[in-house]
Each structure stands twice: as structure tokens, then as C-alpha cells.
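Undergrad: whatever this is, show me its structure:
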Amino acid sequence: MTHGNAPLSVEGRRRLVARCADRPIAHVAAEMGISRACASKWVNRFRQFGELGLHDRSSAPTRQPSATTSSVIEVIETLRRVRKWSAARIAFELNARGIVISRRTVSRQLVALGLNRRRFLDPSGDLNRVPQRIIARRPGHMIHVDVKKVGRIPDGGVASARQGQRPGQGRGGGHRGRHAGRLCVFAFRGRRLLAIDLHRGTCR
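TA: Take a look at the predicted model:
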């Protein structure tokens with residue numbers, strides 16, 4: 001994916017290659033406001049890979065020698081499902097077996113496996129986490145209620161009210177209970193059911 005500061009998009013790279021077909025690369029680069037090295041890179045990629053060479057490539061390294069192996073991940077999953085051990089306990093056990101690994105790495109692998117929470121596992125070790133969806137059984141069954149507390153600015157502003165505070169009084173100590181109330185909004189599927197109402201107490 002092209003980043004926000006990239007001087008050329010995919011279409012811009014196509015135009016660059018087309019212009020460089022019969023003109024010097026340095027001249028085309030100066031016209032398009034990029035360096036000669038940048039222009040040469042895209043021209044060479046097009047000559048080597050064709051149209052696919054004009055698209056962005058992944059910046060991930062081709063080899064990751066320090067990546068956690070699949071056998072270690074399998075041991076982590078087994079200890080989590082069978083023993084229900086925490087990430088720290090699993091890391092301690094693996095280090096005792098001669099596998100150097102940190103607690104953070106174990107935690108990251110548990111997240112990838114979907115086992116980062118113990119409540120996601122039932123006593124047999126299988127996942128019991130099922131996606132929950134709330135489905136309305138009839139029109140108006142589910143109503144969204146949004147409550148927003150609004151403040152009341154005293155006459156003369158907050159700064160003038162603070163001038164009368166006692167020494168040692170906190171910034172908000174003199175304004176407790178001065179909120180004007182709460183705005184309650186009732187909506188259903190993006191449509192407002194009732195007018196916005198201001199309640200002095202709680203919304204009931």
C-alpha cells in the first residue's frame with residue numbers, strides 16, 4: 001500500500017516508464033520532481049517484472065531466523081490447553097527444557113492462537129468462545145440509549161468561580177454537583193425515536 005508521502009502512485013509509475021522509453025531517465029525524473037535513483041528503480045522493476053513490478057512489495061523480511069518455530073508453538077498450545085498454565089509459567093517451563101523464550105513471546109503466541117484468556121477454554125481444553133450476536137426479534141426490540149453528562153458554567157466563567165475557593169481546595173472541589181444534567185438520546189437503527197431530553201437526575 002502506497003504511503004501518504006509517496007511521490008508516485010501506480011499510475012504515476014506507469015507514466016514514468018512510458019516517458020523513459022525514448023527519453024533519458026534523468027530528464028523525466030527532473031520533470032516529475034523525483035530523484036534519478038527513484039526513477040531508475042521503477043524503470044528497472046518494470047523491465048524485470050513487468051506490470052507487477054510497479055506495485056508495492058511487502059517490506060517483511062524473507063527469512064526470520066529468530067521467529068518462533070512451529071514445534072515450540074505446538075508445545076505452547078498443548079501446555080495451555082492441558083495444564084491451563086499462564087504465559088509466565090509456560091515460559092518458565094520452556095526455559096527449563098532448554099528452549100529460550102520470553103514471557104512476552106508466549107503471550108503473543110497465545111493471542112494468535114486465541115487462547116490468551118483462560119475463560120476461552122472449557123475444562124476439556126477446547127475453545128468455548130463463540131461469537132455472540134444480538135438479533136432483534138421484532139421492530140423496536142433493541143433501543144440504543146446514549147447518556148451524556150453536560151456541565152454548567154457559572155456566571156463569569158470557571159476562572160472567576162475559582163477565585164473564591166479556599167486555600168488547598170482542588171481544581172474541581174468547588175464545582176461538585178454543579179452539572180446541569182444529562183442528555184438522553186434514544187435511537188433505533190440510526191433513527192432517533194424521541195427528542196433529546198435534559199434530565200436533572202438520572203435518565204429513567
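
Undergrad: just the pLDDT for Leu113.
TA: Looking at Leu113, its pLDDT reads 90.

Undergrad: and for the closest residue to it other than its chain neighbours, the neighbour number?
TA: Sequence neighbours aside, Glu77 is the residue nearest to Leu113 in space, at 5.6 Å (criterion: Cβ to Cβ, 6 or more residues apart in numbering). For glycine as for every other residue, the C-beta is placed from the backbone atoms N, C-alpha and C. Look at Glu77: counted by other Cβ atoms under 10 Å, it has 18 neighbours.

Undergrad: so is Cys184 in a helix, a strand, or just coil?
TA: strand (DSSP: H, G, I helix; E, B strand; the rest coil).

Undergrad: so which bits of the helix or strand hosting Ala39 are buried?
TA: If you go by DSSP states H and E, Ala39 is part of helix 36-49. With burial defined by 16 or more other Cβ atoms under 10 Å, the residues of helix 36-49 counted as buried are Cys38, Ala39, Trp42, Val43, Arg45, Phe46.

Undergrad: same question for stretch 15-28.
TA: Leu16, Val17, Arg19, Cys20, Ile25, Val28.

Undergrad: other residues contacting it?
TA: Residues from elsewhere that reach stretch 15-28, judged by Cβ atoms under 8 Å, 6 or more residues apart in numbering: Leu8, Glu31, Met32, Arg36, Ala39, Ser40, Trp42, Val43, Phe46, Leu54.

Undergrad: and if you look at stretch 70-87?
TA: Applying Cβ under 8 Å, 6+ apart, the contact partners of stretch 70-87 are 89-90, 93-94, 99, 101, 103, 106-107, 109-110, 113, 115, 118, 121, 125-126.

Undergrad: find the least confident helix or strand in the chain, judged by mean pLDDT.
TA: Using mean pLDDT, DSSP states H and E, strand 191-192 stands out as the lowest-scoring helix or strand of the chain, at a mean of 56.

Undergrad: ok, which stretches of this protein are strands?
TA: 144-150, 181-188, 191-192, 197-199 (DSSP state E).
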